[in-house]
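[1] Here you go, sequence then predicted model.
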Amino acid sequence: MGRQDIQFNVLKKVVDDLGPVFTTRDVSEDTRMKIAHFDLVDSTQYHAFVGGALSDNRVELGIEEIKKATARGSRWQKKWTAGIVYGEKNIKQEILKEVIDDLGPVFLTSDVVYDIRMMTGYLAFQNEPLFPNYVRDAMRNYQIELGIEETSKLSERDSHWKKAEISDK
């Protein structure tokens, strides 16, 4: 009886349904976890088993531990390598890279927003007033991976960006 007995499919569903930051007990106290692991719940180590399963499966779950030993167990954060979730939509790093690769050396956040809307279907985002903010936040999160740098902020939603210069050294 231990962390290897935690069912990954249930663990993943619970983590997917939580916000971007959560604790081990947010997962272990979820009703779906308690039902699926009824034989483990009464163990004094149940929460540790869930924490261990989170740690063992962190790559597959797209999470990272950001603080150990809080009152509710470890604090976890969803890594945005899988994409920033906006409602039911994902702004994935791969989409950002594809759009940015097609832009010139200097561009605006609004250029990226426009191109993503064209790629994914503008109507999907017509009633999403904060969509540009999520694109900008994703660009900031992925600056290093995308090889871009924010050079100046024009407004709450728009910034100038440039592609990082590649050195031959």
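    Nice, I can see it.

[2] tell me the domain boundaries of this structure?
    Split into domains by automatic domain parsing, the chain comes to 3-78, 82-163.

[3] longest single strand anywhere in the chain?
    When the chain is parsed with DSSP state E, its longest strand is strand 63-70.

[4] In its sheet, which strands sit next to it, and in what direction?
    Paired strands of strand 63-70, with direction, are strand 73-78 (antiparallel) (DSSP bridges).

[5] Next, the buried residues of the strand it pairs with.
    73, 74, 75, 76, 78 (16 or more other Cβ atoms under 10 Å). C-beta coordinates here come from the backbone N, C-alpha and C atoms, glycine included.

[6] May I see the domains of the chain arranged in CSV, with mean pLDDT as well?
    Putting the domains of the chain into CSV (pLDDT from 0 to 100) gives the following:
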stretch, mean pLDDT
domain 3-78, 92
domain 82-163, 77
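
[7] Count the neighbours of residue 68 for me.
    9 (other Cβ atoms under 10 Å).

[8] which one is it nearest to, not counting chain neighbours?
    Leaving out its chain neighbours, the residue that sits closest to residue 68 by Cβ to Cβ, 6 or more residues apart in numbering is residue 74, at 5.4 Å.

[9] ok, the one you found - contacts?
    By Cβ atoms under 8 Å, 6 or more residues apart in numbering, the contact set of residue 74 is 23, 24, 51, 54, 55, 65, 67, 68.

[10] hmm, 7 Å instead?
    Listed by Cβ atoms under 7 Å, 6 or more residues apart in numbering, the contact set of residue 74 reads 23, 24, 51, 65, 67, 68.

[11] ok, now residue 50?
    Shown in contact with residue 50 (Cβ under 7 Å, 6+ apart): 6, 24, 27, 28, 33.
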